[in-house]
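>>> 3D model of this:
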Amino acid sequence: MFENLSDKLTHALKVLGNKGRITEKDLDFAMREIRLALLEADVNFKVVKSLIAKIKERAVGADILESLNAHNQIVKITNDELTSILTGESHSLDRRANNGSILIVGLNGAGKTTTAAKLAKRLNDSKEKPFLVPADLARPAAVKQLISLSEKMGIEVHQSELNSSPLQVCKTALAYSNKINATWTIIDTAGRLQVDDELMNELKAIKDEVKPDEVLLVVDAMTGQESVNVAQSFNQYVGLTGLILSKLDGDARGVAALSITSVTGVPIKFIGTGENPDALEPFHPDRLASRILGMGDLITLAEKAQKNFDETKTLELEKKMRQSTFDLEDFLGQLDSLKSMGPLGDVLGMIPGMNKLSSKLEDASLNEHHLSQIQAIIFSMTVDERRNPNLINGSRKKRIAKGSGTSPQQVNQLLNQFNQTRKLMKQMNSGQGFKAMQRLLR
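Below you'll find the predicted structure:
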């Protein structure tokens with residue numbers, strides 16, 4: 001996420017860190033680089049101008065340039081001001097009563113239907129009781145899609161009739177939602193290719209009837225500055241309480257959508273970071289600012305790890321590592337947990353200082369395809385071979401390669417990497433791990 005922008009901002013600030021003493025001329029050069037990086041990423045020019053002015057004002061006005069740790073203070077000021085432009089009034093869902101309702105609005109192609117399903121899953125995982133309502137009757141495929149997604153996730157959904165009206169569907173669905181004591185009723189409304197009177201009149205009628213607690217606009221972050229214009233139009237017509245940025249992982253232009261709150265005053269509540277049902281994260285301005293500046297996001301990483309790694313199994317694994325009995329079955333289990341955390345590049349990007357490494361994943365072939373290939377090789381082994389890789393000789397390698405659609409050389413490469421990993425774990429336990437880790441990274 002934001003690899004290009006992050007690299008440019010990190011480079012601009014690093015230039016200051018290489019100076020023994022920072023002058024106002026050095027600061028101007030760094031701010032010019034930051035301004036160009038943000039404008040190239042399609043961030044609103046007024047927002048960029050305001051951000052740069054505030055950073056310079058704080059850095060020069062507080063005599064920070066004269067201090068010994070000027071570079072660190074300027075990085076902190078940049079982080080603070082970037083967080084400020086991302087911050088709205090409330091980034092959490094607000095519910096007035098026990099049975100709250102959410103109106104999902106947006107244009108066609110923004111990802112409304114999948115986002116509604118992701119939001120329902122997130123609420124369901126949080127021990128809430130969501131109820132999905134497909135009210136996009138203009139697209140029969142949208143109704144079928146939402147019903148299909150909800151059934152896969154085990155979430156109750158309203159069986160909307162295509163020959164009814166969206167308003168009638170919402171009335172019937174709300175009555176049933178109250179009957180089953182759903183905590184959130186999520187209504188997926190129709191979209192258009194552009195903002196028009198027909199769309200807005202339909203949304204106004206539904207809003208007046210439903211009286212939703214939240215009106216959330218799903219905007220496609222890949223549309224750049226146009227996403228800001230769309231948000232302004234919807235806010236003017238129907239009054240938004242929040243935004244959901246979809247496809248934020250898809251393109252560098254996604255950074256443009258970060259101008260939305262500053263321009264419209266509407267807070268971002270969630271961000272879509274992928275296609276998986278779990279790829280919807282609550283929006284935290286400080287965490288995202290930190291990731292943009294290449295400083296990582298250890299809090300989100302810890303939350304993902306806690307969700308995807310079983311604590312009991314982790315303790316057992318730790319014991320195996322200490323005793324050097326870690327085998328390929330354990331390795332396979334960790335791969336599954338790692339893949340469930342999301343794209344490997346995004347996971348590495350949350351670790352401070354690792355954003356550059358994450359951008360090189362394709363060159364290093366350490367991507368999702370490579371992980372799937374490793375899994376296929378291990379699945380093609382017998383249980384005994386997984387538990388004792390030393391059993392795997394030349395003929396077994398040929399059989400494993402044939403079963404996994406790979407070559408004996410690739411099987412051999414995996415076994416060598418696994419042996420190196422196990423050796424590293426043994427050295428970590430003996431106190432020689434740091435030097436071993438440095439050699440492995442080199």
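
>>> who touches Leu199 in this structure?
By CB atoms under 8 Å, 6 or more residues apart in numbering, the residues touching Leu199 are 190-192. Any C-beta I mention is one placed from the backbone N, CA and C, and that applies to glycine too.

>>> out of these, who has the most neighbours?
Gly191 (23 neighbours; other CB atoms under 10 Å).

>>> Look at that residue and tell me its secondary structure.
coil (DSSP: H, G, I helix; E, B strand; the rest coil).

>>> so which helix or strand takes in the nearest residue to it once chain neighbours are set aside?
Once flanking residues are discounted, Gly191 sits nearest to Asn108: 4.2 Å by CB to CB, 6 or more residues apart in numbering. Per DSSP states H and E: Asn108 is located in neither a helix nor a strand.

>>> surely Arg387 meets Asp327?
Yes - contact between Arg387 and Asp327 holds when scored by CB atoms under 8 Å: they sit 4.9 Å apart.

>>> Tell me which residues are up against stretch 223-235.
42, 44, 105-107, 195, 217, 219-221, 240, 243, 245, 253, 256-257, 259-260, 263-266.

>>> returning to that earlier point: my guess is the residue nearest to Gly191 contacts Val195. True?
No - applying CB under 8 Å, one finds Asn108 not in contact with Val195, separated by 11.4 Å.

>>> for the chain, what helix or strand is lowest in average pLDDT?
helix 361-364 (a mean of 44; mean pLDDT, DSSP states H and E).

>>> ok, then the element right after that helix?
Helix 361-364 is succeeded, C-terminally, by helix 368-379 (DSSP H and E).

>>> which residues touch the following helix or strand past that next one?
For helix 368-379, the following helix or strand on the C-terminal side (DSSP H and E) is helix 383-387. Residues outside helix 383-387 that contact it (CB under 8 Å, 6+ apart): 327-329, 332, 378, 391-392, 396, 400.

>>> can we see that at 6 Å?
With CB atoms under 6 Å, 6 or more residues apart in numbering as the test, helix 383-387 has contacts from 327-329, 391-392.

>>> Just the buried positions in that helix, please.
Using 16 or more other CB atoms under 10 Å as the test for burial, helix 383-387 gives 385-386.

>>> relative to helix 368-379, how tilted is whatever helix or strand comes next after that helix?
Going down the chain from helix 383-387, the next helix or strand is helix 394-404, by DSSP H and E. For helix 394-404 against helix 368-379, the angle between stretch directions is 130 degrees (axes from the mean of the first three to the mean of the last three CA atoms, to 10 degrees).

>>> Quickly list the domain ranges of this structure.
As assigned by automatic domain parsing, the chain contains the domains 3-86, 100-285, 300-441.

>>> first vs last residue of the longest one, how far apart are they?
By that I understand domain 100-285. The stretch domain 100-285 measures 25 Å between its terminal residues, going by CA to CA, to the nearest Å.
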